[in-house]
Every structure is written in C-alpha cells, then in structure tokens.
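J.: everything below, folded, please.
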Amino acid sequence: MTTFISEAESAALVDDELALEAAREAFLAALTGSTFPVVIGHSSAPNTRFTLKSGSAGGLAGVKIGSFWPDNTDLPRHSSTIVLLDPATGRLSAVVEAAAANAYRTAAADALAVDALARADSRTLTVVGTGHQALHEVRAVSRVRPIERVLVVGRRADAAREFAAAVTARTGLPAEPAGAEAGVAAADVLVTATTARQALFDASWVAPGTHISAMGADGPGKQELPVALYGRASLFCDLPDQSRAIGEFQHAGSVTPVALGAVLAGDAPGRTSPEEITVFDSSGFALQDLTLAAALLRRLSSGASE
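T.: Model (predicted):
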C-alpha cells in the first residue's frame, strides 16, 4: 500500500531537529550509497524547470522531483515531490510532497557544514540573498554557532531592509543591510542563497578565517563565488562529481573538493587553522530527500500510533 503525505502534512511534521538528523544520515550514507546523474528538463514553456535527482542507500531508493514554475501566481513557484520505491520489489512505496520541508533540508545541510567547518567563535553572519530560503539559512546557522549579528546583502536596498527586519522578527538577532564589500569583509560565516550566474563579490574581500556556504548553484551556468577564491581556500561539497558538473565548482577547473560526509565520518579533516578559509558547495543530492521522506514517514507513523 502506497503512503501519501501532502504538502500541508509534511509542513506540519517537519522541524529543524528532524531535518538536521535526516541530513546527517544522508551525508554519511553518501559515502557508501549510490547517486545518479541529475536530469534537468522543462515543460513546453522553456522558462519552467524541473530536476530529477535519484539515489539509493540501505533500505531507501527513489527520486526527488523539484520544479520551478516562475509564472505561478495562486500557487508557489517552487515545489518538491519525493517518490520512495520499495527496494525489494521496485513498486511505489510512498509519495511525499515536501516544498516547505525541502527548505528545512537545504538549510540543514548548511548547518552541518557550518558546524563542521566554521570557527567555533563565529559571531557575524553575512547572508547574500533576500529570498525565502535565505531566512531558513540564517535560522539554521544561528542554531550551531553563537551568532550575534546578521548582515544582509541584497540587490535592492528595500528588499535588504525588509529581510533584515524579518530576520530579527524570526530569530531575535540584530540584523541590518550592508554593502557587498563591507558585508563580505565582516563575515565570520558567509552564506550565499541566490540564483546568480556570476560571482557575487570579489575574492579579495574575504577575510582569513571565513567560512562560506554556497547554497545556490544547482544547474549548468549557475555561479555565486569568484573563481579566484579557490586558490586561497579549502574546498568541501556534498558530492564532488556533481559539484563539478552542476554545482559551484563547475567553474573551478580541476579542483578536488572533499565530501562533507567524509569530514562528518572522521575520514577527512575539516578546518585545520583559525586563519583557513573554508568553502562548502551545496548542490543538493537525492539521499537528502530520501532520508527526509523516511524521517517524515516515521514521525507520521509515531503520531498515528499515539
């Protein structure tokens, strides 16, 4: 029997802790599990986009379908649907609508990277981007580091002011708009959460000891970071091959980033000095979605049994 979890149900079930533990499970599973090439398509309207990411690990197998329909007005532009297969039979096991949960899942990957790679005394967080996902990133990072202030870099001054106010309202943290150079230079942790297709700042603005989480690049041509930064930094990512294909490091030539899962498992070093610049590229991978769906199903089941 196939289980279906609607968007409203998954949004009510998800929380930061569930997303963080599911993400940790996924990054560790990526060391031995399987992921497959990403399929990117669109409808008859070429400005639409959908992405299929698939994988398997242990008792999980399936695919996540993420879509972006920019002309939606009455419906959200982004959606996310996770399809789980029974690994023994290949038959449909569960379908989970998870757009809101996907925002938690993406931010949880950032939290894992910051927790593993950023300096323990990181207090200033700069976020580049003022969209819905950026607020989740602020919330996630402030859970794992003693953030005392948030600087917001946006393309529009009004959007940066509004986002800073939203950050303070949601987290209680002081937040204010900043220019790109000042915001980048002041950052202990720098998070980019945009749809950019060119570098958002100059590499020379990044101070020693900064950790950078690049969350936006997940397709050909997308780029948030300057290539000149890579020669000064230690590079990490979710999946090295995928990162070089559709993630931030597609622009970096022959770099060999370290998988974050290897750091979490203790198989590779993370930050090695207070002055080191660390970069984490998150292009997203299917095992994150499969472990998230499994966690949501477990929570639904435990709630139904109470």
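J.: tell me where the model's unsure across the protein.
T.: Under the criterion pLDDT under 70, the flagged ranges of the chain are 304-306.
J.: report the contact partners of the residue positioned nearest the centre of it.
T.: Residue closest to the mean C-alpha point of the chain, counted by CA atoms, centre = their mean, is T106 at 3.2 Å. Going by CB atoms under 8 Å, 6 or more residues apart in numbering, T106 touches 133, 136-137, 215, 282, 284. For the C-beta atoms, the positions are set from N, CA and C on the backbone; glycine is no exception.
J.: in a strand, that's where it is, yeah?
T.: No: secondary structure of T106 (DSSP: H, G, I helix; E, B strand; the rest coil): helix, not part of a strand.
J.: so S93 is in which element?
T.: Take DSSP states H and E as the rule and S93 turns out to sit in strand 92-97.
J.: in that strand, what's buried?
T.: For strand 92-97, a neighbour-count test (16 or more other CB atoms under 10 Å) marks 93-97 as buried.
J.: again with stretch 107-114
T.: Residues of stretch 107-114 classed as buried by neighbour count (16+ other CB under 10 Å): 107-114.
J.: how far does it sit from the chain's center?
T.: Computed by CA atoms, centre = their mean, to the nearest Å, the separation of stretch 107-114 from the middle of its chain amounts to 7 Å.
J.: also stretch 177-192?
T.: With CA atoms, centre = their mean, you get 19 Å for stretch 177-192.
J.: check contacts around S243.
T.: 237, 249-250, 257, 281, 283.
J.: out of those, which one sits closest to F68?
T.: S283 (15.2 Å; CB to CB).
J.: residues touching the closest one, list them.
T.: 217-218, 237-239, 242-243, 246-248.
J.: recalculate using a threshold of 7 Å.
T.: 217-218, 238-239, 242-243, 246-247 (CB atoms under 7 Å, 6 or more residues apart in numbering).
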